[in-house]
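**Student:** Here is a sequence together with a model predicted from it:
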Amino acid sequence: MSLMGAFTSLSRDLKLLFLSNFLWTSAYGLYVFIFPLYMRDLGAAPDQVGLAYTISLVIAAACLLPGGLIADRFDRKWVQVASLALNVPVPLLFTLASSWVQLLPSMFLFWASIFGTPAFNSYITGAASGESMMTSFAAVYSALFFGMAVSPAVGGYLLAIDPSYHLLFYVAALLYAGAAAVILFIGSQKSSRQAKPERFFSAFRERSLLAWLLLLGVAAFAYNLSTYFVPLLLSDRDAFDPVFVQAMGSLRFLGAAVLGIVLGRLGDTRRSRWPVTLSFTTFILALILLATQGLPPLVAVSMFLLGAGDTYRMLGYAVVGPRLPDEVRGRSFSVYDTVQTFTASFGPYLGGFLYTWAYALPLAATAAIFAALTLLLLTAFRLTR
């Protein structure tokens, strides 16, 4: 299935969700890839950058379980609207900071807004047809990747116009507002019936679901060991300027968009472990290439392939979503998100220490852990569909 074919197969509500997520990610992508450099400009050392992201992710993890309960109790449309609205003031607050410590409250507000993620994933599951579940997830999530593919390069252009970052942050605030506004036009969606506690616990009695939960949690930790330090590596090791670094960020997420659709389509026609396995192996090769090479053409290739690592979480959602009872789907998704986010929160802090020893060390650690997970997928997930 082509990229256009995957999009046109979506229902009206999922197309609007695609648009909202494209706008949201375009806002986030304007500055996310360059944000560690912004923090460093305001006085943060690499380990302090890692610490800030670690605390942010712990806050995000703490907000996911309540978000799951809210998604099962209230209209999932309005939960998403509230979540997205919290993002609007964040980039405006960034412009007021004169030290990296003053960035922390607005960073924490941003990550607290992640409480809407269970409602988002539950909405996709409820609106998608069963036979195209992974394709639907891949298509909707591709909006995130396409937004990230376009916006870092645009952010680099805005940064060239205004090196103070203020113009970039103002544009981000407008895009966040647009993302929240689009959600107003999707249909309402509530859980199909009253939730019962035993239904929630029954969702986690299946061993294969628990196995996926643990695997994705470890993957999230390994992923975050290095992801926030790639921009610093390109700047410190390869002496690339911020505009080029932003362009490489765009290339990475273009790879995620393209590879995500391909892997999602494969997941609807093959056993579910294979798309995740291919995501892992491609990610490992990209990490090795990026860790060992600093030539611009090879960096560009590695950054495109690095996008495969950004698809694993979406593929995992598509595997587990249909198996979760609808009336407890929000809180069940929140458990998966909480485990992943909490385990991921330890990655940036450890990655910051590894980076101070050697620029490529966080990438090597991530590749080693993903290699072990790939071996586990090939040996222990044979019966998973």
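**Tutor:** Nice, thanks for sending it over.
**Student:** show me where pLDDT drops low in the protein?
**Tutor:** Within the chain, the stretches with pLDDT under 70 are 1-9, 128-135, 192-209, 261, 264-273, 314-332, 380-385.
**Student:** Go through stretch 38-45 and flag the buried ones.
**Tutor:** 38-40, 42, 44 (16 or more other CB atoms under 10 Å). Where you see a C-beta, it was placed from the backbone N, CA and C, and this is true even at glycine.
**Student:** Now do the end-to-end distance for it.
**Tutor:** Stretch 38-45 has its terminal residues 11 Å apart, counting by CA to CA, to the nearest Å.
**Student:** residues in contact with that stretch?
**Tutor:** For stretch 38-45, the external contacting residues (CB atoms under 8 Å, 6 or more residues apart in numbering) are 31, 46, 48-49, 52, 94, 97-100, 102-103, 165, 232, 352, 356.
**Student:** Now for the nearest residue to residue 347 once chain neighbours are set aside: which residues touch it?
**Tutor:** In space, residue 347 comes closest to residue 224 once its chain neighbours are excluded; the distance is 3.0 Å by CB to CB, 6 or more residues apart in numbering. For residue 224, the contact set (CB under 8 Å, 6+ apart) comprises 53, 57, 344-348, 351.
**Student:** and which of the contacts of stretch 38-45 is nearest to residue 335?
**Tutor:** residue 52 (25.8 Å; CB to CB).
**Student:** Next, the buried residues of the strand or helix carrying the closest one.
**Tutor:** Taking DSSP states H and E as the definition, residue 52 sits inside helix 46-73. Residues of helix 46-73 classed as buried: 46-65, 67-72 (neighbour count, 16+ other CB under 10 Å).
**Student:** And stretch 352-366, by the same measure?
**Tutor:** Neighbour-count burial for stretch 352-366 flags 352, 354-355, 359-366 (criterion: 16+ other CB under 10 Å).
**Student:** just checking, which of the contacts of residue 224 belong to helices?
**Tutor:** Judged by DSSP state H, those include 53, 57, 344-348, 351 as members of helices.
**Student:** quick one, helices of the stretch 51-200 of the chain?
**Tutor:** Applying DSSP state H, counting those that start in this stretch to the stretch 51-200 of the chain gives helices spanning 76-85, 89-94, 104-112, 117-127, 133-161, 166-183, 197-202.
**Student:** Could you find the closest non-adjacent residue to the residue positioned nearest the centre of the chain?
**Tutor:** In the chain, the centroid-proximal residue (CA atoms, centre = their mean) is residue 310; its distance is 6.6 Å. Once flanking residues are discounted, residue 310 sits nearest to residue 256: 4.0 Å by CB to CB, 6+ apart.
**Student:** Pretty sure the one you found sits against residue 312.
**Tutor:** No. Using CB atoms under 8 Å, residue 256 is not in contact with residue 312, being 10.2 Å away.
**Student:** where does residue 43 fall, phi/psi-wise?
**Tutor:** Dihedral pair for residue 43: phi 100, psi 10, per degrees, to the nearest 10.
**Student:** can you pull the contacts of residue 260?
**Tutor:** Applying CB under 8 Å, 6+ apart, the residues near residue 260 are 138, 141-142, 145, 307, 310-311, 314.
**Student:** Just give the nearest non-adjacent residue to it, would you?
**Tutor:** With sequence-adjacent residues excluded and distances taken as CB to CB, 6+ apart, residue 260 is closest to residue 311, at 4.3 Å.
**Student:** Can you name the residues that contact the one you found?
**Tutor:** Applying CB under 8 Å, 6+ apart, one finds that residue 311 lies in contact with 138, 141, 145, 256, 259-260, 263, 279.
**Student:** okay, these in JSON lines with distance to residue 172 next?
**Tutor:** JSON lines is the format used below for those (distance: CB to CB, whole Å):
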{"residue": "138", "distance to residue 172": "26"}
{"residue": "141", "distance to residue 172": "20"}
{"residue": "145", "distance to residue 172": "18"}
{"residue": "256", "distance to residue 172": "20"}
{"residue": "259", "distance to residue 172": "26"}
{"residue": "260", "distance to residue 172": "23"}
{"residue": "263", "distance to residue 172": "29"}
{"residue": "279", "distance to residue 172": "28"}
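**Student:** can you pull out the strands in the stretch 251-385 of the chain?
**Tutor:** For the stretch 251-385 of the chain, strands defined by DSSP state E, counting those that start in this stretch do not occur.
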